[in-house]
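**Q** how does the following fold in three dimensions:
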Amino acid sequence: MAFPHTSSPARASKSPAVVIFLCFLAIVFDGYDLVVYGAIVPKLLAYEPWGLTPVETGAIGSYALAGMFIGAILIGYLTDVVGRRKVMMVSIASFSFLMLLTAWAPTPELFGLFRFLAGLGLGGVIPTAIALTVEFSKTNRRNFNNALMFSGYAVGGIMAALLALAFLPTLGFQGMLALGGIPLVTVVPLLFKYLPESPAYLVAKGDRAQAERIVAEYGLELLAPAKVEGDAPEKGRFRTLLTGRLLGAMVLFCLAGICGQTLVYGLNTWLPQLMVIAKYSLASSLTFLLTVNIGAVVGVLVSSRLADRFGPRRVTAVSFASSGIALVLMGTGIMPLVAMYALVAVVGFGSVGAQILVNGFVATYFSGATRATALGITLGIGRIGAVLAISGGGVLVAAALGNFINFSVWAIAAAVGAIAVLTVPRPRDNESSGAAGAPAASNTIHH
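**A** Next comes the predicted model:
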């Protein structure tokens, strides 16, 4: 049984934009954590008391991703069980506190342990933020609002690159990591005061009155049904997602997620070092890192509008493909400096941008009852690519295979990601709608 259509501006007293902005703030520090590690890699390698090798530095960088692998799946499931609001606050608070501990770690072993534990909390932020953004967005703006919210990821990266350019020489890697504790005293209090619970979660838990109140307050136009045949919570969220047609979709979404995170984490972590190897200065390398994230913000805001209009399938595939082509061209070593900056911006759009579009595709593909769980699985399994990319990047740097291989090897992930997205099965009730497998108009999957 579905909720009535509720969209009257007269009844709305609160703006959904507040919810999206709060999710944006949470995601900013996910982007900061990713890019700040890439920015401090040269400092870690030069830190004599620890004497880390590139392989060891890559392995330590992957520990946070391993934590996010577990956190995304476990907490993505819990957010469908205990609620989005509680999960968001606890996840951000734990991540921020552990970032402070990471900054004060006296040994590389404790440094790696704290990064792993911080990843557990951070892994829960992303599926929760995406689910809330989609649920508080109008049907024809879900991909765009998700991209707008998730642009916080690139904004955090830009912030990390700028702060590294300005303060890394004086603060060192410890000071840059300590800045990751800021959400504990800024974002968490804002969430506590202003973040509402998800109406879709309240529907699934049977609290119809509270859900209707939030729908009216925020002027939401559509809510998921309380129960959908073949997608009922009591059947088991994991079982629902891992049977029938949805199993094929989940496998392909996970493969696309692995490819997307291979590009995002591998390049954001190792691009500065790869550019140093290619005879650019460290300052220039950090500027390239900044360009990656600027390209991601600009590109994904444009492409997400196209995804809302034409469906996320083809737009996401083009995004993947563009990054692969740009990486191969970067590896040729014949591009002038201006062209290199342009190609790096395209890589940002096609790596961070593609991952954001994949997240939006997943969020609009599944119903409210299983949305966060599906996102958690996709993002969690995707961390396999992130772990392999960060640790494998260290092996790649140590192997000294040359600039063409250093850049173009990442294009393999881009090609596989494009193929995976294009082959996601379309829901039976949406074969000719042009929504690319995302039945957003009904906010549910029919089987």
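
**Q** list the contacts of the nearest residue to L255 once chain neighbours are set aside.
**A** The shortest distance from L255 to any non-neighbouring residue, by C-beta to C-beta, 6 or more residues apart in numbering, is to A420 (4.2 Å). C-beta coordinates here come from the backbone N, C-alpha and C atoms, glycine included. With contacts defined as C-beta atoms under 8 Å, 6 or more residues apart in numbering, A420 is in contact with 252-253, 255-256, 259.

**Q** A420 sits in which helix or strand?
**A** Element membership for A420 (DSSP states H and E) is helix 411-422.

**Q** identify each buried residue in that helix, please.
**A** In terms of neighbour count (16 or more other C-beta atoms under 10 Å), helix 411-422 has its buried residues at 411, 413-414, 416-418, 420-421.

**Q** how far off centre is that helix?
**A** 17 Å (C-alpha atoms, centre = their mean, to the nearest Å).

**Q** and if you look at stretch 124-140?
**A** For stretch 124-140, the distance to the chain centre is 12 Å (C-alpha atoms, centre = their mean).

**Q** what's the local residue count around N146?
**A** The number of residues packed around N146, counting by other C-beta atoms under 10 Å, is 31.

**Q** need the phi and psi values for it.
**A** phi -60, psi -40 (degrees, to the nearest 10).

**Q** before we move on, what about the one 5 residues further on?
**A** S151 adopts backbone torsions of phi -60, psi -20, taken as degrees, to the nearest 10.

**Q** so where's the stretch 151-300 of the chain uncertain?
**A** In the predicted model, the stretch 151-300 of the chain carries pLDDT under 70 at residues 221-240, 242-244, 280-285.

**Q** just checking, what packs against the helix or strand hosting T291?
**A** Element membership of T291, judged by DSSP H and E, is helix 282-310. Judged by 3 or more C-beta pairs under 8 Å, 6 or more residues apart in numbering; DSSP states H and E, helix 282-310 is in contact with helix 16-46, helix 142-178, helix 244-277, helix 312-331, helix 337-365.

**Q** indicate which one of these is closest to V187.
**A** helix 16-46 (5.1 Å; C-beta to C-beta).

**Q** next, the buried residues of that closest one.
**A** By 16+ other C-beta under 10 Å, the buried positions in helix 16-46 come out as 16, 19-45.

**Q** repeat for stretch 336-355
**A** Neighbour counts over stretch 336-355 (16+ other C-beta under 10 Å) mark 340-355 as buried.

**Q** and the two most separated of these?
**A** M340 and Q355 (22.5 Å).

**Q** mean confidence for the helix holding A420?
**A** For helix 411-422, the mean pLDDT works out to 93.

**Q** residues near E217, how many?
**A** 15.

**Q** wait, it sits on P16?
**A** No. Between E217 and P16 there is no contact under C-beta atoms under 8 Å: 9.9 Å.

**Q** enumerate every residue touching A105.
**A** Counted by C-beta under 8 Å, 6+ apart, A105 has contacts 111, 113-114.

**Q** how far away is it from Y47?
**A** From A105 across to Y47, the span is 12 Å (C-beta to C-beta, to the nearest Å).

**Q** picking up where we left off before, okay, the helices and strands packed on helix 282-310 in JSON lines with distance to T57 next?
**A** Converted to JSON lines, the helices and strands packed on helix 282-310 look like this (distance: least, C-beta to C-beta, whole Å):
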{"stretch": "helix 16-46", "distance to T57": "5"}
{"stretch": "helix 142-178", "distance to T57": "11"}
{"stretch": "helix 244-277", "distance to T57": "9"}
{"stretch": "helix 312-331", "distance to T57": "22"}
{"stretch": "helix 337-365", "distance to T57": "21"}
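
**Q** right, and those - which one's nearest L379?
**A** Nearest of those (C-beta to C-beta): helix 244-277, 6.3 Å.

**Q** just the angle for the closest one relative to helix 282-310, thanks.
**A** 160 degrees (axes from the mean of the first three to the mean of the last three C-alpha atoms, to 10 degrees).

**Q** quick one: Y47 and F111 touch, right?
**A** No. Contact between Y47 and F111 fails when scored by C-beta under 8 Å: they sit 10.3 Å apart.

**Q** looking only at neighbour counts, state which of the two leads.
**A** F111 (23 against 16).

**Q** contacting residues around that one?
**A** Per C-beta under 8 Å, 6+ apart, neighbours of F111: 60, 102, 105.
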